[in-house]
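S.K.: build me a structure from this.
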Amino acid sequence: MHLIDWCILLIPVAVILILALYSRRYIRGVVDFLAAGRVAGRYVIAVGSLESALSVLMLVALVEAKYQIGYALTFWERILMPLGVIMSLTGYCVYRFRETKALSIGQFLEIRYNRTFRIFAAALRTVAEMLTNAIGPAVAANFIIYFLGLPHKITILGISIPCFVIILAIVLSMSILVIWPAGRVSLLITDCFQGLISYPIFVIVVGYVLITFSWSEEICPVMLDRVSGESFLNPFDIEQLRDFNIFALLVTIFGSVLNRGNWIGNDTTNCARNPHEQKMAGILGAWRNGFSSVMNLLIAIAIITVMSHKHFATLAKDIRVELSAKVAGEVLSNNDTRNCLTATLTAIPEQRHCIGMDEPLSRNENLDTPYMKAAAEVFGDNGNGNLTFQKFRTLYHQMMLPVACRKMFPTGLMGVFALLMIMLLLSTDDSHIFNSSATIIQDVIMPLHKTSLSPERHLRWLRICSLLVAMLFFLFSIFFVHLDYINMFSLIMASLWSGGAGPVMIFGLYSRFGTTAGAFASIFAGSGISLIGLLLQRNWADHVYPFIQNMGWTDQLDGLLKTVSGPLAPYVVWQMDAVKFPINSIEIYCIAMFAGISSYIVVSLITYRHPYNLDRLLHRGQYSIDEKKAIKAKWSWRTVAGKLIGITPEYTLTDRIISWSLFCYTLSIKLAYALSQCWSGICFHHGRRNGGGTIFSSPLCW
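M.R.: Take a look at the predicted model:
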């Protein structure tokens with residue numbers, strides 16, 4: 001990068017670290033450190049939550065997925081978007097959790113069930129949370145290496161040290177530097193500051209993509225050039241897309257409703273002044289998320305266009321060769337094999353795909369296929385070769401984003417984008433480390449400790465635990481290699497908790513029949529299935545499949561898998577594969593959730609003795625501890641609409657305007673947007689298949 005880029009990057013990062021140190025003066029006790037004293041306003045939480053939710057991991061995962069499936073599935077996501085808005089407007093789960101007055105999710109579990117379940121569930125949740133989030137620093141460190149073009153190893157005093165380890169240590173050290181001074185207070189302040197800086201960066205990146213690429217001559221033809229069943233635009237032509245299809249979307253939507261309350265507690269859901277302010281922060285956050293969504297969408301489209309259109313054939317060739325050589329240097333330790341692979345991939349000629357004349361592209365036959373086939377031949381068709389190829393293919397698709405951006409962006413924009421990535425990795429890593437360490441102390445160690453801790457000792461334990469969690473992230477990132485799409489990996493890791501925790505939280509907050517035995521049964525069933533699926537996925541290519549092959553069971557299992565998945569074909573297709581486990585993460589997650597729900601309901605009904613006192617849990621009625629009694633709104637046909645979207649008597653006029661604006665915007669503009677995308681995609685394909693040109697060539701079609 002140029003000196004200008006380094007200045008753009010380093011100066012704001014230094015300001016962020018200084019703000020973190022400055023925030024120490026606002027700490028007066030443990031509640032301040034854990035929940036910012038519960039005095040945060042809605043706007044600070046809304047801006048800070050945007051920055052902590054958007055991450056390098058999420059952006060890399062998005063580009064990785066969209067490069068394979070395009071945006072046809074986005075239509076269905078837009079149709080279902082009102083569901084998320086309604087959950088925010090009504091305060092689903094979050095509002096009730098705040099009414100319990102619990103400082104952590106573990107405290108709620110102890111109140112609703114018992115202390116043994118609190119310790120067990122909190123420990124499991126923390127393990128799942130740490131394993132899910134630990135991949136974030138690893139992906140971010142790799143992103144920096146590929147984006148800046150750094151070598152995989154550097155020599156210091158004659159000792160060869162992996163550059164990955166150095167960057168990983170720096171990234172995690174910065175996160176600890178933000179956490180230690182003031183905990184949640186410093187996180188809120190720094191995240192809010194980073195969020196304010198991010199908005200103009202979103203605009204700059206969006207402007208660059210719109211100016212650089214022609215929508216009608218480059219972007220639209222590339223997005224249309226797909227085989228039947230794998231459309232990048234037509235939402236009714238995606239039945240052949242594996243891993244990311246309608247079934248995956250439905251499972252995701254169902255999981256988002258069922259597991260809405262699984263991760264609340266040790267995050268910003270505890271920081272607002274009251275439940276109403278927390279709800280309004282979520283509503284404002286729904287408005288602000290649109291800025292980042294547009295940037296993410298256009299970056300993915302730019303990558304797809306550069307790698308597929310003939311106007312960028314030379315640039316695409318350079319990206320593929322450099323990316324392949326870089327990945328080979330990471331996954332291969334043998335110099336001869338690495339040099340052979342690099343030479344083979346470099347020898348592949350420049351590909352100028354003529355849209356409309358050549359065959360449309362697909363997931364199996366595209367411009368990356370020659371590189372994948374050449375790599376598979378070099379690695380060999382055996383257990384170790386299949387595992388190495390899986391690593392190569394995974395890194396190739398994940399690190400395409402940083403290599404392509406480094407080749408595309410000019411001076412100045414390189415620094416701006418690097419600053420955004422550093423802010424994103426810093427804001428997410430420190431939040432993940434803090435959330436995990438707070439859960440360990442509050443919900444695992446404290447219930448086992450017989451005496452209460454002094455505030456000074458309590459804060460010391462929290463800081464030490466955050467350091468230990470950061471060290472765990474460091475070790476996990478070094479020794480663990482994920483072999484699937486990032487979204488799939490994160491899903492299967494998180495399902496170690498969310499596979500069975502959804503019923504525990506939903507029925508715990510909203511039902512009177514749930515029992516402790518039912519909660520244990522749900523966790524054992526859902527999380528157990530997720531764990532088995534994770535182990536099979538991780539050891540499939542090098543151990544499980546070779547064992548099945550040696551035993552001669554391949555054909556029988558292949559027939560069984562096809563028979564079981566047949567009713568859901570082509571959206572769910574299970575068949576034997578030497579490289580990848582036949583059942584993907586979203587399908588394992590679906591099985592785990594239904595097993596958890598069934599176990600909770602059945603066991604709770606068997607062990608049910610008397611209804612649980614929800615009024616006492618939620619501090620309602622005779623158990624109210626508020627100084628002022630809640631204002632009861634009279635029911636009428638004029639107020640029923642407001643009640644449906646969560647408007648309560650405590651809403652001010654401004655709150656009502658914000659809520660109704662978001663609700664109307666989502667139901668009207670977003671649905672019209674999705675329908676126009678659907679119609680444009682159908683017309684595009686109809687025109688192309690009948691020999692005509694594109695009908696719509698405006699960004700409006702998106």
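
S.K.: CA only for contacts and neighbour counts going forward, please
M.R.: Noted.

S.K.: where are the low-confidence patches of the stretch 101-250 of the chain?
M.R.: Judged by pLDDT under 70, the stretch 101-250 of the chain has no weakly predicted residues.

S.K.: and the helices in it, which stretches?
M.R.: Using DSSP state H, counting those that start in this stretch, the helices of the stretch 101-250 of the chain run over 105-112, 115-133, 135-148, 163-182, 184-212, 220-224, 246-258.

S.K.: mind putting those helices into JSON lines with distance to residue 318?
M.R.: Output for those, formatted as JSON lines (distance: least, CA to CA, whole Å):
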{"stretch": "helix 105-112", "distance to residue 318": "50"}
{"stretch": "helix 115-133", "distance to residue 318": "32"}
{"stretch": "helix 135-148", "distance to residue 318": "14"}
{"stretch": "helix 163-182", "distance to residue 318": "23"}
{"stretch": "helix 184-212", "distance to residue 318": "19"}
{"stretch": "helix 220-224", "distance to residue 318": "19"}
{"stretch": "helix 246-258", "distance to residue 318": "34"}
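
S.K.: switch the ones you listed over to TSV; also include mean neighbour count and distance to residue 82.
M.R.: Formatted as TSV, those follow (neighbours: other CA atoms under 10 Å; distance: least, CA to CA, whole Å):
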stretch	mean neighbour count	distance to residue 82
helix 105-112	22	27
helix 115-133	20	27
helix 135-148	22	29
helix 163-182	21	35
helix 184-212	20	24
helix 220-224	22	27
helix 246-258	17	11
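
S.K.: out of those helices, which comes closest to residue 264?
M.R.: helix 105-112 (6.6 Å; CA to CA).

S.K.: residue 496 is nearest to which of the helices of the stretch 101-250 of the chain?
M.R.: Across these (criterion: CA to CA), the nearest stretch is helix 115-133, sitting at 5.6 Å.

S.K.: what helices or strands is the closest one leaning on?
M.R.: helix 105-112, helix 413-439, helix 455-479, helix 486-510 (3 or more CA pairs under 8 Å, 6 or more residues apart in numbering; DSSP states H and E).

S.K.: ok and it relative to helix 486-510, angle-wise?
M.R.: Helix 115-133 and helix 486-510 are oriented at 160 degrees to each other (axes from the mean of the first three to the mean of the last three CA atoms, to 10 degrees).

S.K.: before we move on, back to that, quick one: which of the helices of the stretch 101-250 of the chain is nearest residue 405?
M.R.: helix 135-148 (7.3 Å).

S.K.: okay, the closest one in PDB with CA atoms only?
M.R.: Extracted C-alpha coordinates of helix 135-148, given in PDB (Å, rounded to 0.1, in the frame of the first residue of the first chain):
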ATOM      1  CA  ILE A 135     -12.600 -18.800  13.300                       C
ATOM      2  CA  GLY A 136     -13.100 -15.000  13.000                       C
ATOM      3  CA  PRO A 137      -9.600 -13.900  14.000                       C
ATOM      4  CA  ALA A 138      -8.200 -16.700  11.700                       C
ATOM      5  CA  VAL A 139     -10.100 -15.500   8.700                       C
ATOM      6  CA  ALA A 140      -9.300 -11.900   9.400                       C
ATOM      7  CA  ALA A 141      -5.600 -12.600   9.800                       C
ATOM      8  CA  ASN A 142      -5.600 -14.500   6.500                       C
ATOM      9  CA  PHE A 143      -7.500 -11.700   4.900                       C
ATOM     10  CA  ILE A 144      -4.800  -9.200   5.900                       C
ATOM     11  CA  ILE A 145      -2.100 -11.500   4.500                       C
ATOM     12  CA  TYR A 146      -3.800 -11.900   1.200                       C
ATOM     13  CA  PHE A 147      -5.000  -8.300   0.900                       C
ATOM     14  CA  LEU A 148      -1.600  -6.800   1.700                       C
END
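
S.K.: and it, how far out from the chain's middle?
M.R.: Per CA atoms, centre = their mean, to the nearest Å, the displacement of helix 135-148 from the mean C-alpha position of its chain is 16 Å.

S.K.: average pLDDT across stretch 306-314?
M.R.: In this model, stretch 306-314 has a mean pLDDT of 91.

S.K.: show me what counts as buried in it.
M.R.: Of the residues in stretch 306-314, 306-311, 313 count as buried by neighbour count, 16 or more other CA atoms under 10 Å.

S.K.: again, but for stretch 456-470
M.R.: Applying 16+ other CA under 10 Å to stretch 456-470 flags 458-459, 461-463, 465-467, 469-470 as buried.

S.K.: residues making contact with that stretch?
M.R.: Contacts to stretch 456-470, defined as CA atoms under 8 Å, 6 or more residues apart in numbering, come from residues 30, 33, 130, 172, 176, 179-180, 433-434, 436-438, 440-441.
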